[in-house]
Each structure stands twice: as structure tokens, then as C-alpha cells.
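> Here is a sequence together with a model predicted from it:
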Amino acid sequence: MARPVVSPLVPGRNLVLIGLMGSGKSTVGRLVAERLGRPFVDTDARIEAELGMSVAEVFARQGERAFRAAEAQAIRHVSALRGQVVAVGGGAVVDTDNVLHLKATGDVVLLEAAPAELAARVAGEGVAARPLLADGDDVEARLAALLAERAEAYRQAADVILDTSGRTAAEVVDDLLAWATGQPGLLAREEIPA
Ligand code: S3P
């Protein structure tokens with residue numbers, strides 16, 4: 001029987017992390033990238049470097065539309081390459097064109113947790129950097145509303161859903177790698193744990 005040829009010279013598909021603010025995309029993404037020896041790309045950080053200001057400043061000075069345009073651009077750039085671990089902002093996959101680009105070269109992992117747990121995580125990091133949460137006093141209610149609005153888009157985009165409730169980042173990394181190992185073409189041969 002013919003076996004799929006996986007050359008060490010051919011990078012695997014991108015591993016793309018999506019989910020609401022506080023779901024752990026950046027933390028888990030950075031750890032997965034370290035384990036696999038892949039570059040880690042956070043599209044929010046890319047936008048900040050490109051525009052020379054923080055995400056909060058982009059929202060305040062130029063508005064959400066300008067941020068979404070920069071986000072779409074960052075997603076097109078990152079999707080042109082393979083072999084990366086990519087974290088995108090929580091609203092990125094609401095735009096179906098962004099999803100098409102991400103899925104063309106990557107497999108998409110949705111990180112989920114209940115709004116109460118997400119709220120506790122973002123409170124630890126400070127909400128000031130997150131303009132969609134900075135205004136309201138009830139962060140948990142705001143996250144629950146965003147989840148209701150986006151749940152369908154998240155599920156449509158996801159190739160797999162990982163429940164991160166009550167789990168440490170290291171445990172989520174193990175779950176993610178166990179899943180990724182079974183996905184054809186996602187990891188290059190030398191990346192697959194023995
Ligand atoms: C947003 C999430 C943020 C950032 C921006 C908008 C959203 O990223 O892109 O503040 O619409 O959910 P994180 O999910 O990494 O916090």
C-alpha cells in the first residue's frame with residue numbers, strides 16, 4: 001500500500017488557535033511552538049508591530065474597523081507560510097474570508113472555557129489591553145454575550161474543539177499535541193513525538 005510521503009524538508013500545516021479572549025491562545029500557542037520547534041506568530045502582536053501602537057490604541061485612535069482591516073491583512077500574510085503555530089485575536093474568525101485563508105494552510109483548534117473562567121483569566125492579565133472588555137464592569141456578562149454572538153462562527157471554523165476548563169496550559173498543550181499527531185500533514189515527520 002502506498003504510504004504518504006512526508007519529507008522533512010516540507011513543513012507541516014499551520015496550527016491555528018482560535019477562541020475567546022482568555023481562552024489561552026497565546027500561552028498555549030507559545031508552549032506548543034516551543035515543543036515543536038516552530039515559529040510562533042500572534043496576529044495581534046504582528047498588527048502592533050506593523051502599526052507601531054497597541055491594539056487598545058488602534059481601537060481608540062482609528063476604531064474597530066481599522067483594526068479588523070489590519071487583522072485581515074495580518075491573517076493573509078501569516079497564511080501564506082506553513083510550519084507555524086498561529087494565535088489570532090478572539091474576533092478574527094467572525095470574518096469568513098479570514099477563515100478561508102487560515103484553513104487553506106492550517107488546521108484550526110478552538111480553545112473553549114466557560115465565561116466565568118475566561119473572566120477570571122483576563123482579570124489576572126488586566127482588561128485594559130482588551131478594548132472590547134475595558135468599558136464594562138461585568139466582564140463575565142460581556143464575554144458570555146460575545147460567546148453567544150460568535151459560537152456558530154467558532155464551531156464552523158474549528159477542526160477540533162479543546163475544553164480548557166480547569167486545565168493548566170501544560171495539560172492543554174498535551175491534549176493539542178495528542179490530537180495534532182493524528183492529523184495527516186499537520187506535523188512534519190521529525191516533529192511527531194516518538
Ligand atoms: C478581540 C480579541 C483580542 C484583540 C482585540 C479584539 C476580540 O485578542 O484581537 O482586542 O474581538 O475578541 P485576544 O483574543 O488575543 O485577547
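Happy to help now that I have it.
> buried set for stretch 182-194?
Neighbour-count burial for stretch 182-194 flags 186-188, 191 (criterion: 16 or more other CB atoms under 10 Å). Where you see a C-beta, it was placed from the backbone N, CA and C, and this is true even at glycine.
> tell me which element Arg121 falls in.
helix 115-125 (DSSP states H and E).
> who's in contact with that helix?
For helix 115-125, the surrounding residues in contact (CB atoms under 8 Å, 6 or more residues apart in numbering) are 20-24, 113, 130, 133, 139-141, 143-144, 147, 164-166.
> average model confidence for that helix?
The predicted model assigns helix 115-125 a mean pLDDT of 91.
> which parts of it are buried?
For helix 115-125, using 16+ other CB under 10 Å, the buried residues are 115, 117-119, 121-122.
> Which one of those residues is nearest to the ligand?
Ranked by distance to the ligand (CB to the nearest ligand atom), the buried residues of helix 115-125 are led by Val122 at 7.6 Å.
> ok now the helix holding Arg121, how far from the chain's centre?
When C-alpha coordinates are averaged (CA atoms, centre = their mean, to the nearest Å), helix 115-125 and its chain have centres 17 Å apart.
> same question, stretch 59-74
17 Å.
> For the ligand, tell me whether that stretch is touching it.
No - for a cut-off given as CB under 6 Å from any ligand atom, stretch 59-74 has no contacts with the ligand; the smallest distance is 6.7 Å.
> got the contact list for that stretch?
Here stretch 59-74 has contacts from 43, 46-47, 50-51, 53, 55, 58, 88-89, 91-92, 95, 97-98, 131, using CB under 8 Å, 6+ apart.
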